[in-house]
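Undergrad: sequence? don't have it. structure:
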């Protein structure tokens, strides 16, 4: 039997965002880093320094994985009851607050649970004001919060 006590969950705003905003110089840096790491790998194997060679081989695998990894796109929907990111739903009742980082174009959600991790996703081509207009009034914008440390490192490396 269906639950008749559930609130209607209507979509207010829906869009797709991804990690398209990469620095055009990233490919140059990746090629230079790949060449240096490969040269170090060959050099360390010639000198029979196996552990250092293994570390450099591991670095090459990570570089290849990053370089050929496809950008993730996220389907985002603001509804009357919460925020849906792809198939994951975050109810407004479980969200303590939110903030934006205009520099990186990222939206952050802080859950009420102490053990919960901050959720972040790109806002894509949507304007911050348009997103805020569709958020409920009781949801608090947290002032003074910026990007997390991983986002700062990514921005510094232009990735």
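TA: Thanks, I have the structure now. Note that the structure is a prediction, hence the values are computed from the model and not measured. Residues are numbered from 1 along each chain as shown.
Undergrad: Need the phi and psi values for residue 46.
TA: phi -60, psi -40 (degrees, to the nearest 10).
Undergrad: Just give the number of residues close to it.
TA: 9 (other C-beta atoms under 10 Å). Heads up, the C-betas are built off the backbone N, CA and C, glycines and all.
Undergrad: Surely residue 80 and residue 8 touch.
TA: Yes - using C-beta atoms under 8 Å, residue 80 is in contact with residue 8, at 6.7 Å.
Undergrad: of these two, who's got more company?
TA: It is residue 80, of residue 80 and residue 8, that has more neighbours when counted by other C-beta under 10 Å, with 13 against 7.
Undergrad: how close does the more buried one get to residue 136?
TA: Per C-beta to C-beta, to the nearest Å, residue 80 is found 8 Å from residue 136.
Undergrad: For the spatially most central residue of the chain, give its distance to residue 32.
TA: The centre of the chain sits closest to residue 121, judged by C-alpha atoms, centre = their mean, with a distance of 4.9 Å. Separation of residue 121 from residue 32 (C-beta to C-beta) stands at 31 Å.
Undergrad: Cheers, nothing more for now.
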